[in-house]
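In: I'll drop the sequence and a predicted model, then ask my questions.
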Amino acid sequence: MSDVEAILDARAEDLRAIDDMILGDAAGVAQASDHLREALDAIRPALDERQFEAAATFGYGDISSGSAVRAR
């Protein structure tokens with residue numbers, strides 16, 4: 001066994017934890033992107049028709065929550 005393999009074996013648990021963390025973050029960003037896309041798709045028709053009051057009823061929360069998660 002080479003020195004590199006020995007080091008990797010000794011740190012296998014740490015490496016698995018890092019992998020899990022990265023995958024968890026990527027999944028969260030993907031979900032937030034989908035949520036943001038859905039919220040923007042819902043508001044787009046009202047904006048296209050220049051119905052700003054109708055667009056305002058969609059609420060700031062739906063759009064901002066997806067943006068906030070993606071910004072992290």
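Out: That came through fine.
In: Would you quantify the distance from residue 44 to residue 55?
Out: For residue 44, the distance to residue 55 (C-beta to C-beta, to the nearest Å) stands at 9 Å. From N, CA and C alone the C-beta is placed, and that goes for glycine too.
In: can you check residue 9 too?
Out: 57 Å.
In: more neighbours, those two?
Out: residue 55 (17 against 10; other C-beta atoms under 10 Å).
In: quick one: contacts for the more buried one?
Out: Each residue near residue 55 by C-beta atoms under 8 Å, 6 or more residues apart in numbering is listed here: 43, 46-47.
In: What strand or helix carries the residue positioned nearest the centre of the chain?
Out: Averaging the C-alpha coordinates of the chain gives a centre point, and the residue nearest to it by C-alpha atoms, centre = their mean is residue 29 (1.3 Å). Take DSSP states H and E as the rule and residue 29 turns out to sit in helix 12-48.
In: That helix - what's its average pLDDT?
Out: Mean per-residue pLDDT for helix 12-48: 88.
In: Return the set of buried residues in the next helix or strand after that helix.
Out: Moving toward the C-terminus from helix 12-48, the first helix or strand encountered (DSSP H and E) is helix 52-56. Burial within helix 52-56, assessed by neighbour count using 16 or more other C-beta atoms under 10 Å, is assigned to residue 55.
In: State the mean pLDDT of helix 52-56.
Out: Taken as a whole, helix 52-56 has an average pLDDT of 84.
In: then that helix to CSV, C-alphas only?
Out: Coordinates of each C-alpha in helix 52-56 appear next as CSV, following Å, rounded to 0.1, in the frame of the first residue of the first chain:
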residue,chain,number,x,y,z
PHE,A,52,-48.8,44.6,-11.6
GLU,A,53,-51.4,44.3,-8.8
ALA,A,54,-52.0,40.7,-9.8
ALA,A,55,-48.3,40.0,-9.9
ALA,A,56,-48.0,41.5,-6.4
